[in-house]
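Q: give me a model of this one.
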Amino acid sequence: MEDKMASTDAADGATTITIFFKVRESVKKVRVSRNVTMEQLKEMFLERYDGYKQKGSGYITHNLPPFYIIDLQSKISHELDDPKDLYSNCVLELKLPQLDVLDKKETGFGYFSAFQRNKLAFVMVGLPARGKSFVARKIARYLKWMGVPTNLFNVGNYRRERVGAQQTFEFFAPDNYLGNRQRLHMAIAALDDMLNWLNKGGRVAIYDATNSTKERRNMISKRCGLENIQVVYIELVANNPKLIEKNVRDTKLSSPDYVNVEPEKAVEDFRKRIQEYERSYESIDDEESDRSYVKIIDVGEQVIINRIDSYLPSRIIHFLMNLHITPRAIWLSRHGESEYNVGERLGGDSVLTARGDEYAHALADWVQNHEKHRDTFVVWTSTLKRSIATAQYINSHKVNLSALDEIDAGICDGMTYDEIAAAMPDEYAARAANKLRYRYPHGESYVDVIQRLEPVLFEMERQKYPVLIVAHQAVLRALYAYFMDIDAEECPYIPIQMHTVYELIPKAYGCEVKTYKLL
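A: Residues are numbered from 1 along each chain as shown. As a prediction, the model looks like this:
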């Protein structure tokens, strides 16, 4: 069901009301008098967020920034001028700097942040047209989706921004003194920015460049070692000429390096650029056996792993072994209209309405007429009646997965949002203030949903044939956010319409999306 969030006032005549302080992801509840002053509000805030008074952050009541009241329906905020404007369950936000001055540092969410305590840099290695940027983007998207503060540093972007995009192959020759000097300086600039970001609260960085010589890798290892940052090298090797040619034509022709260049001339120049890199290329070998690395050959045909002994690198290797470059479609669809949808109730295991059944027929017809791989695509549903019933007329193999079940609303299951607002106003306001991390009492949060979807995501990445997923709004929001690289904070607000198919087509540098409204 769709959210309908609106604030509710306390009973008339009450001398105190409940409000919520919010700073970034942190929300804290407090009771205040209806006659509270602005000075008292600030004192209450500093009592609950005492980190802002410690370690030199120096906040006291007179230099705190203003409070902003967040409207729970529109999400629009306005500055609080008079405490008399406060109402029961309103949310007051303070826009303050990094959370490392709070009583709890920002570490992201989920078990990745709990199990991987040290800073980490994944460093790409390989000749051009081996898929380094494709893999780097995939890793960054996956980690951010799983709640790990992650950033990608692409040395090629530094070169294009500071030296210029359209450099011919001669610029990359190992005996081109000026070209080598400029490329080294861009690599150092990107490395400086990466280390600075990690030291200011980042958790995982991805350093995307060829890093094709031992000298360059020695420089990176030395700099990271001085900052106590763990380094894992990811080398991509391609021995299959067809794979290399496909990557050249599929991705490099759209590169900023070749804007307004005729395709065949661009291909010829890029092939020569590869040849220049090959003259000095040094693959990771036994001389670097003291380093952590993974070497992926011909898109996973062979994988070599060395000194991988911590949690997050192990998970990333598992993730990488599921990646491929075969084009295929992923279809996402909510179940058809159910009885609980009509009543605007959360959760449950209700059956389809007549209109929901009509959508089930329309979906089966659409798949039959739309997909050329009719004998090879698969259908995944949740274990709930409305999801299974929506896929019942589709002539294909079906798998029911509990990981695709709707978000567990706990003790709120079966209620409407108006009923929750009346019976549990504190829960109602807390959810509105932080929808991503809010967990229903005895239920789940969006963070919980994302984490239980990880095995499903791995299998989706592994699939080489089309997959139709018939599931629920929160689940589809989470999957859509991953493939479309949408920030986790926006995930709970992604519109996923009923009786609509979302067709996602993963590409080397992103994902195309088409929508089909069937009813």
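
Q: for stretch 473-492, give the mean pLDDT please.
A: Predicted confidence along stretch 473-492 averages 95 (mean pLDDT).

Q: one more: stretch 345-352?
A: Stretch 345-352 carries an average pLDDT of 97.

Q: and it, how far from the chain's centre?
A: Here stretch 345-352 is found 29 Å from its chain centre; the criterion is Cα atoms, centre = their mean, to the nearest Å.

Q: got the CA positions of that stretch in CSV?
A: Taking only C-alpha atoms (Å, rounded to 0.1, in the frame of the first residue of the first chain), the coordinates of stretch 345-352 have been written out as CSV:
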residue,chain,number,x,y,z
ARG,A,345,-3.6,-2.1,5.2
LEU,A,346,0.0,-3.1,5.7
GLY,A,347,1.4,-6.6,5.2
GLY,A,348,-0.9,-9.6,5.6
ASP,A,349,-1.3,-12.5,3.2
SER,A,350,-4.5,-11.5,1.4
VAL,A,351,-5.7,-12.8,-1.9
LEU,A,352,-6.1,-10.9,-5.2
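
Q: now it: buried residues?
A: Of the residues in stretch 345-352, those with enough neighbours to count as buried (16 or more other Cβ atoms under 10 Å) are 345, 346, 347, 348, 350, 352. Quick note: C-beta positions are derived from backbone N, CA and C, even for glycine.

Q: tell me the contacts of residue 15?
A: 33, 34 (Cβ atoms under 8 Å, 6 or more residues apart in numbering).

Q: check which element follows the lengthiest helix in the chain along the chain.
A: Residue-count comparison of every helix in the chain, with assignments taken from DSSP state H, identifies helix 177-199 as the longest. Toward the C-terminal end, the helix or strand that comes next after helix 177-199 (DSSP states H and E) is strand 204-208.

Q: now the angle from that following strand to helix 177-199?
A: Taking axes from the mean of the first three to the mean of the last three Cα atoms, to 10 degrees, one finds strand 204-208 and helix 177-199 inclined to each other by 170 degrees.

Q: remind me what strand 204-208 packs against, helices and strands.
A: The contact analysis (3 or more Cβ pairs under 8 Å, 6 or more residues apart in numbering; DSSP states H and E) places strand 204-208 against strand 120-125, helix 132-145, strand 150-154, helix 155-162, helix 177-199.

Q: walk me through which strands it pairs with, and which way each runs.
A: Next to strand 204-208 in the sheet, as set by DSSP bridges, lie strand 120-125 (parallel), strand 150-154 (parallel).

Q: and the first one, how far from the chain's centre?
A: Mean-position distance between strand 120-125 and its chain equals 19 Å (Cα atoms, centre = their mean).

Q: what does that strand rub up against?
A: Taking Cβ under 8 Å, 6+ apart as the rule, strand 120-125 contacts 132-133, 135-136, 139, 194, 198, 203-212, 217, 220, 224, 229-236, 284, 293, 312-313, 316.

Q: buried stuff in stretch 395-406?
A: Under the neighbour-count rule (16+ other Cβ under 10 Å), stretch 395-406 has 396, 401, 403, 404, 405, 406 buried.

Q: kindly report the same for stretch 157-175.
A: When burial is assessed from 16+ other Cβ under 10 Å, stretch 157-175 yields the following buried residues: 157, 158, 159, 160, 167, 169, 171, 172, 173.

Q: quick check: the farthest pair among the residues you listed?
A: When Cβ to Cβ is used, the two most widely separated members of the buried residues of stretch 157-175 are 157 and 173, lying 21.3 Å apart.

Q: residue ranges of the helices in the stretch 351-500 of the chain, please?
A: In the stretch 351-500 of the chain, the segments counted as helices under DSSP state H, counting those that start in this stretch are 354-370, 385-390, 417-423, 425-433, 446-452, 454-462, 473-483.

Q: what's the closest of those helices to residue 289?
A: Taking Cβ to Cβ as the criterion, helix 454-462 is the member of the helices of the stretch 351-500 of the chain that comes nearest to residue 289, at 29.1 Å.

Q: and that closest one, what does it pack onto?
A: Applying 3+ Cβ pairs under 8 Å, 6+ apart, one finds that helix 454-462 contacts helix 311-320, helix 473-483.

Q: just the buried residues of it, please?
A: Across helix 454-462, burial judged by 16+ other Cβ under 10 Å covers 454, 456, 457, 458, 459, 460, 461.
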